[in-house]
Each structure stands twice: as structure tokens, then as C-alpha cells.
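Colleague: this is the structure alone, sequence omitted:
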């Protein structure tokens, strides 16, 4: 049928030949002679197709790897060798013949992209378009983070990385003024990194799991749309090959988020993931890329921590104690936890929700606690920083000028202060007790002598004395007042018995060591003023330290970069919280052992050890990201006994996921068959020792 083929034969002739062979053999295997005719016709078809921009076809028959003919739209092109090797003999997929076989018929090397010239209705599908790779139990590791990933995350979010990207882009075009590029650089925050014990993936075709397609990988990328891109990295990632593959993939992701702006210089991006952010300018310089005039932008750009980050304890003296209104997109601190054991996290105001009572204390705010999480909170739990945050024309955070943290300059008359405090205390009676105590705490710290300038000492001393007495009688406060209430030290809420003097004046008779006269008021409402005297003293020391370490000019500015990025951020309250859960896990594991559920007891013992080590990390630096690897969590510990316990525990439980999933064991065994009483006893002893060590570390360190 095709023995007389010549170069001038038209493309549709080859199409007809292929159709006639199909009419002859149907769905049966091609005989040798029919196969020879088919391949000659396909080679001729592709030669003709090369010289055309596009063709108009309604039907096309093509040969497959399995020796049969199919409609071209039913065939799949192997454009990913790795995926193809995992599919095996999956009968639902039929692959197009390898085009290299056509070289014997005079066709030079041809890429599969030649089929892009065909209409969509007859075009073979790409393997990567019809088969998806999914990760086993990805949802379980949504919050997992790691030591390896921590370095990558810190690099990508560092201002030096953003500046390096600008430098690479500007090497090809002057785009630094392009707002679209600046927005795309900000989009790099959509990359989220998670460390998991192992990355196990499988393949799906039309929502059908492909048998025997499971594979352990070094990393896995999951695009979750508006929520960003999640990169799961295996704790088993090691070696140059894995690191190179990961950095190459990350460079590709960065380029995609930047709309392809790095395509011509993409080869220079992978080295940036393996260095300290401060080294990026030097590395780019060695590669021939130097910052130009656009570097002025970086002078104004400042590090902005992620929403939900813990506010460093060293910044607590910079939280404004007054009751203020907040605007949309304000970056503020949210107080969480028990009153005397609070933590503060960075949040963004979404909207104000006026309270039903009309009281300012009942005002609620919807805030973002992370890029994709919001919650509604009481306004009395929110704090402005002692700075007015501002942004440059690109949206980058500019160093913000500090505003006073002390008493308002326009409210210095005691009578007005008295009325204001009394009104707030009366309104606070409608709040739950814990919330009411937060309000009192804020009033007390706002006017505390240690948190205000020396020239206001006498006024603030009188205010906090009066406040203590008013709190003691909070339930009997009324809106009416007499002049004696606010003007006289012998009035209803202030008498000589409770006066004290500060320095040579106002020394407390009840307790000369602290400004407060009582740690437990005798009235109907209990509030520990002495605790907040100590807190105010700590804030005063922080403030003095800040001023002594900064020039007069620097004292007027506040930098997130300095507060977060350049120093450890210990959070002992959060450390105690993780420690508490570690002890609960230990207790729960013991109960499982008594019932012979040794796989679950071993898992919980491992969890107890992991959480105890994370508690140590929070005590040292909450800016670190965490891993499930005990040895990585123990980095920096010098006690060799603890190091040995951790190594032995990881020998007994190398992969915590293996204790939960049957497919992690050899068929037909399940985890319950693998872990026994002896293993559980050994693991219990090791985990208990680690938890005890962590508890001592947190209490003593």
C-alpha cells in the first residue's frame, strides 16, 4: 500500500494508510508485515508534519507500544521516564510507540512536541497530564517543619534573597520599577516547607490508584492553589544528588511564581539555597551579577516576620498598654494564654466588629494569625507596637518611628485619668473574669511608674495606688463621683493608710520593696498586683537596655529585622506548654502498654520524646523550625547521656510512621505484630529519661 511512497505524497495519504490497516486488524496484534507498513506510514506522516504549521484532522490512527493500533486520542506519550517506569503493565494506559523505532524508516530524531501541531481532538495525551502523583498521608504532616527546611525557608524569606532575585532580573532588563515583579517577589512567601519522616508517593489515573506505583522520594511538591505551594522534604534526604535535585526544583518553583522572569538566568538560582543569606551578594558577584542602582530599594526594605510568629520577650516593653482602635491591615500583637503566663503573636487586623453593648471593651476584631487562618478576638487582647509601621511604594516595610509607650501627654490631669479608669473598670464588670483581669493589668502597666518617664513618677504613683483601691472595690463602683473621689488622697478610693512613697517620697508601708502595697487585695476581687510590679520592673530594664545599646537616632526607630531575624527568640511559656503535652503522651503510652497495644505505646513514647525536645527548642529559640527527627532536634545538646538515649531510641524506632500503617511492614504483618513488650519497655525507659531531662532543662536553664 505504501511501497511507492515518495516525498511528494501528501500527509492525508499516510493517514488513510493507517486507517486501512486498522480496518483490517482491528484490536488485534499487528502481524510483522502490517507492523512494517504502519511504521513506514507513521514515519512518512511525521516527515510531512514537520513542514507544516498546523493540520486539520478529524481522525488519526497510531501504533502503541503493545503492538496494537488505537485512535490517537486514546494514546499517551511518555514524557516522563520516571513516571512511566512506575506504571508497569497498567492496562488502562496505552502508550504511543517509541519514535526512536522510526529511525529505521528514515525518520531523523523527532521530539514528541511535533504532535502539538495536531488538533486537540486527535492529539495524544501527555503522561504528566493524565497521571497524578500523590503523597501518602500528606494531611498528617501539614504542620511538620524541619532543620533542613528551616535553612531554605529562612533563605527564601530573607531580604538578601529578594534583593538577589532583583539583581538577576535586572541583569536582563530594567524591571526594578515594575510593580508586577515586586508583587511576584512577595509571592515567594507562598512556598511552605515541611519535613516528614519519609516521602512515600503513589500514582493515580482517573482517580484510580495504579497498582505497584508506590515509591519513596526525597521530596514532594503539592500545589494547593491560593494557599500556596507545599514542599515536603524527607528526613532521609542526603547526598549531593538529592540536594541538587531539590535546589533545581526549588529554582523552577521560584521562577514559576515570578512568572518566568528568571528563565534566562535560572541556572544561577540553585546555589542561593545552599548558603547563608548574607553570602548571597558575594555568590552572585562571583557569578558575574552585581547590584546596581536598584540596591537603594533594599536600604528601605526590612524583614517582616510571618504572621503567627512569637513576639520576642525583649519586645514586650514595646507593647502599648492603652486601649486603642485598630485599622485594617495593622500589624499588632495578640495576647494568648493565661494572664500571668501569656505569649504574644504577630497578627494582622482584617476588620473591626463593634460590640453589642456599645462599650469599647466589647469591640471584637477579626485577625489573620497566618496566611490562611483567621479568628475573632477581643480588642483588649490586641496591642500596638510602640511604632507606626509604614511601607514604601513597593509595599516593603520601612523602619518605623517609635511613639511614646508612656502615659498620653494630653491626659495628665489626675481627675481625668481617674474618670477614665473608673469608666473602664465599670465596663469591665460585664466581661468574664479572665478578660476583666487583662483589662486591669493593662491599666496598671499603662500608668505604672516604672513604665513612664521620671517626671511623671508622682502622678503615676498616685494613679496606680488609686487603681489598686478601685479594683479592691470594683463591684461597688458607681458612675457618679464626687470631687473628693478624684481630688483628695483621703477620698473614697485613696487614703493615708494605703499611701506609699517612691524614693524619698511615697514609700509603701505595706511593702517597701515594690510599688504595689498588696499582692492580694482584701476586697471582693483578687488581683496579683505584685506580679505586675515585677513585670513593669522587667520592662523598665528592657527599655534601659534598648536605649543604652542604640544611638539617639536609632532610639526613634523600631526594626522587625533586629527584633526577630538577628537574635534568638526564646519562648519559655510555649516551652512549658509542649512539656505538658509530652508528659500527657508519656502517661497515655503507659496505659496502652498495659493493654498490650505496644505499637501505639511505642509511637506515643516517641511523641513524648519529640515534644520534650521541641520544648527545649522553644526555651532556646522559637524561630527554629522543627523536625520529627530526634537527633536533629537534639542538635546543640552537650549532655552525652541524653545524646545516647536519643540515638538508642531512634535505633528502636527508626520511622514513627511504621507504627501506624500496615503498608510499612512486610505482608501480611501489621505494626501490632512487630512491637512487643520488651521493645515497649526499652522505649519507655529512654523516653522517660528524655522527658525528665527536658523538664529539668526548662525549669533550670
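Modeller: Cool, the structure landed. All values derive from a computational prediction rather than experimental measurement.
Colleague: test my guess that residue 470 contacts residue 476.
Modeller: No: in this structure residue 470 lies outside contact range of residue 476 using Cβ atoms under 8 Å: 9.7 Å. Where you see a C-beta, it was placed from the backbone N, CA and C, and this is true even at glycine.
Colleague: with neighbour numbers in mind, choose between those two.
Modeller: Comparing residue 470 with residue 476 by other Cβ atoms under 10 Å, the one with more neighbours is residue 470, at 24 against 10.
Colleague: what's the following helix or strand after the helix or strand hosting residue 186?
Modeller: Per DSSP states H and E, residue 186 falls inside helix 179-186. Once the chain leaves helix 179-186, the next helix or strand it forms, by DSSP H and E, is strand 191-196.
Colleague: tell me the strands beside that next one, with direction?
Modeller: Strand 191-196 sits in its sheet next to strand 229-234 (parallel), going by DSSP bridges.
Colleague: and after the strand it pairs with, which helix or strand comes next?
Modeller: helix 239-257.
Colleague: quick check: next helix or strand after that next one?
Modeller: Past helix 239-257, the next helix or strand by DSSP H and E is helix 280-286.
Colleague: tell me which other helices or strands that following helix touches.
Modeller: Helices and strands touching helix 280-286, by 3 or more Cβ pairs under 8 Å, 6 or more residues apart in numbering; DSSP states H and E, are helix 159-170.
Colleague: and the helix it packs on, what's buried?
Modeller: Buried positions in helix 159-170, judged by neighbour count with 16 or more other Cβ atoms under 10 Å: 159, 160, 161, 162, 163, 164, 165, 166, 167, 168, 169, 170.
Colleague: how about stretch 423-440?
Modeller: In stretch 423-440, counting by 16+ other Cβ under 10 Å, buried: 424, 425, 427, 428, 431, 435, 436, 437, 438, 439, 440.
Colleague: can you put these in a markdown table and add distance to residue 28 and pLDDT?
Modeller: A markdown table is the format used below for the buried residues of stretch 423-440 (distance: Cβ to Cβ, whole Å; pLDDT from 0 to 100):
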| residue | distance to residue 28 | pLDDT |
| --- | --- | --- |
| 424 | 89 | 92 |
| 425 | 92 | 92 |
| 427 | 87 | 89 |
| 428 | 86 | 90 |
| 431 | 82 | 88 |
| 435 | 79 | 90 |
| 436 | 85 | 91 |
| 437 | 84 | 92 |
| 438 | 81 | 92 |
| 439 | 85 | 93 |
| 440 | 88 | 94 |
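Colleague: of all those residues, which two lie farthest apart?
Modeller: Across the buried residues of stretch 423-440, no pair lies farther apart than 427 and 437, at 14.2 Å, counting by Cβ to Cβ.
Colleague: list the residues that contact the residue nearest the centre of the chain.
Modeller: The centre of the chain sits closest to residue 192, judged by Cα atoms, centre = their mean, with a distance of 5.7 Å. Residues near residue 192 by Cβ atoms under 8 Å, 6 or more residues apart in numbering: 228, 229, 230, 231.
Colleague: quick one: which of these is most hemmed in?
Modeller: The contacts of residue 192, ranked by neighbours (other Cβ under 10 Å): first place residue 231, 21 neighbours.
Colleague: now that one, which residues is it bridged with?
Modeller: Counting by DSSP bridges, residue 231 forms beta bridges with residue 193, residue 221.
Colleague: let me know the closest of the contacts of residue 192 to residue 114.
Modeller: Of all these, residue 114 sits closest to residue 229, with 31.6 Å by Cβ to Cβ.
Colleague: isn't the closest one right up against residue 188?
Modeller: No: the criterion here is Cβ under 8 Å, and residue 229 misses it with residue 188 at 9.9 Å.
Colleague: please enumerate the shared neighbours of the two.
Modeller: residue 257.
Colleague: quick one, strands of the stretch 1-150 of the chain?
Modeller: For the stretch 1-150 of the chain, applying DSSP state E, counting those that start in this stretch gives strands covering 61-63, 69-71, 76-77, 125-126, 131-135.
Colleague: what is the first one packed up against?
Modeller: It stands for strand 61-63. helix 11-25, helix 32-50, strand 69-71.
Colleague: of the ones you listed, give the one that comes closest to residue 103.
Modeller: Between the helices and strands packed on strand 61-63, helix 32-50 lies closest to residue 103; by Cβ to Cβ that is 8.7 Å.
Colleague: neighbouring contacts of the closest one?
Modeller: 1-2, 5, 7, 9-11, 14-15, 17-18, 21, 24-25, 30, 55, 62-63, 67, 69, 97, 99, 101-102, 104-107, 110, 114, 117-118.
Colleague: helix 11-25 and that helix, what's the angle between them?
Modeller: For helix 32-50 against helix 11-25, the angle by axes from the mean of the first three to the mean of the last three Cα atoms, to 10 degrees is 160 degrees.
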